[in-house]
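# For reference, the sequence and a predicted model appear below.
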Amino acid sequence: MRQSFLQAPASARHCPLRQPPGPSGPIARPLNSDTLIEIDRVTFGYDERRTILENLSLRFARGKVTAVLGGSGCGKTTLLRLIGGVHPANSGRVVFDGEVIDTHDSAQLYRLRRRLGMLFQFGALFTDLTVFDNVAYPLREMTDLPEALIRDIVLMKLNAVGLRGAAPLKISEVSGGMARRIALARAIALDPELIMYDEPFAGLDLISMGVAAKLIRTLNDVTGATSLVISHDVPECMAISDHVVLLANGGRIVAQGTPAELMASTDPEVRQFVRGEPDGPVKFHYPAPDIAEDFGLGLATGAGR
Ligand SMILES: Nc1ncnc2c1ncn2[C@@H]1O[C@H](COP(=O)(O)OP(=O)(O)O)[C@@H](O)[C@H]1O
Ligand SMILES: [Mg+2]
């Protein structure tokens, strides 16, 4: 894969953006910061009854692939929403390239989101549009580029994911693996500095999974972007990430480190996580009455635990 296929022409990289609503302040980027995103003691709940993330602190390094791994419902997508400024944290700060995200500042959000590419869980493509028009969508929405240039960029992005030939197809005509790659081409259409992937491997067959994983790594390295992968697929994430964070319920960090460090860990909870063992510190069984009691057997053996 050649670099030129992935990077838009210089004119597109500095494309004439539509003006954001309201005034837009300067970007105060700290010099020499290796951190693109900082989650600083963030606590969040959708309502006051339940806290989803509690006092979570994390840093995502610039130019690297970081994976946040955790079981369903532990708050991974919620974390992406907080970074995207969809919800405000109840307490703590989310800092994007030195700027504290303020969900009430629509001009800031517009500016920051313009620097962010998002691969939504299950792709979220427009099924009645062609492959080409799906990838062109953010370019048409967010820029005033002439259609001829949009065409070149779309074909470049599709080429980067190996699907230039599929441009005229309808989304309803492509396979699940292709759809994921099209969503990826759309996520990188505007040359984002941060690409966030929500469950990029979910529902894919093994080959498509391998293709998607390799693409995430390659796109990160070739474009110089920072990638954040949220997933429960351990082997794929271990294979492509520079840094892995293991997250448990409540946004508790079980462990973090390089894939090699985590694979070598002797901590029982980490081992259960990275090896996918059904039982360990995280129990297979949800807390329940004794099995004999539930089945009316009167034998308090506790064998079902
Ligand atoms: N919009 C919402 N409103 C209320 N609760 C939500 C909302 N989105 C997610 N949740 C709840 O928050 C918890 C974490 O969800 P989520 O971040 O989607 O988990 P994950 O992506 O790790 O599977 C879940 O219990 C989920 O039911
Ligand atoms: Mg999720």
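Structure received. Residues are numbered from 1 along each chain as shown. Ligands and ions are numbered 1, 2, ... in the order given.
# in the stretch 101-250 of the chain, what residue is nearest ligand 1?
When Cβ to the nearest ligand atom is the measure, the stretch 101-250 of the chain has its nearest residue to ligand 1 at residue 230, with 6.7 Å between them. The way it works is simple: take the backbone N, C-alpha and C, and place the C-beta from them, glycine included.
# Enumerate every residue touching that residue.
With contacts taken as Cβ atoms under 8 Å, 6 or more residues apart in numbering, residue 230 has the following neighbours: 67, 68, 76, 77, 79, 80, 196, 197, 198, 199.
# got the residues of this protein near ligand 2?
By Cβ under 5 Å from the ion, the part of the chain that sits against ligand 2 consists of 76, 77.
# In the chain, which residue sits nearest ligand 2?
Going by Cβ to the ion, ligand 2 is nearest to residue 77 of the chain, at 3.3 Å.
# just checking, that residue is part of a helix?
Yes: when the secondary structure is assigned by DSSP: H, G, I helix; E, B strand; the rest coil, residue 77 falls within a helix.
# Neighbours of residue 218, how many?
Residue crowding around residue 218 was assessed by other Cβ atoms under 10 Å; the count is 15.
# Assign a three-state SS to it, would you?
Using three-state DSSP as the criterion, the local structure at residue 218 reads helix.
# repeat for residue 200
When the structure is split into helix, strand and coil by three-state DSSP, residue 200 lands in coil.
# How about residue 57?
Of the three states, residue 57 takes strand under three-state DSSP.
# residues touching the nearest residue to residue 201 once chain neighbours are set aside, list them.
Computed as Cβ to Cβ, 6 or more residues apart in numbering, the closest residue to residue 201 that is not its neighbour in sequence is residue 233, at 4.4 Å. Each residue near residue 233 by Cβ under 8 Å, 6+ apart is listed here: 199, 201, 202, 209.
# Can you give me the distance of residue 233 to residue 239?
As judged by Cβ to Cβ, to the nearest Å, residue 233 and residue 239 stand 10 Å apart.
# what pLDDT does residue 117 get?
According to the prediction, residue 117 has pLDDT 90.
# Return the residues in contact with it.
Applying Cβ under 8 Å, 6+ apart, one finds that residue 117 lies in contact with 187, 188, 189, 190, 192, 194, 195, 196, 225.
# so can I have CSV of those residues showing distance to ligand 1, secondary structure and neighbour count?
Formatted as CSV, the entries for the contacts of residue 117 read as follows, by distance: Cβ to the nearest ligand atom, whole Å; DSSP: H, G, I helix; E, B strand; the rest coil; neighbours: other Cβ atoms under 10 Å:
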residue, distance to ligand 1, secondary structure, neighbour count
187, 18, helix, 23
188, 22, coil, 25
189, 24, coil, 27
190, 24, coil, 24
192, 21, coil, 20
194, 18, strand, 22
195, 17, strand, 23
196, 12, strand, 24
225, 22, coil, 24
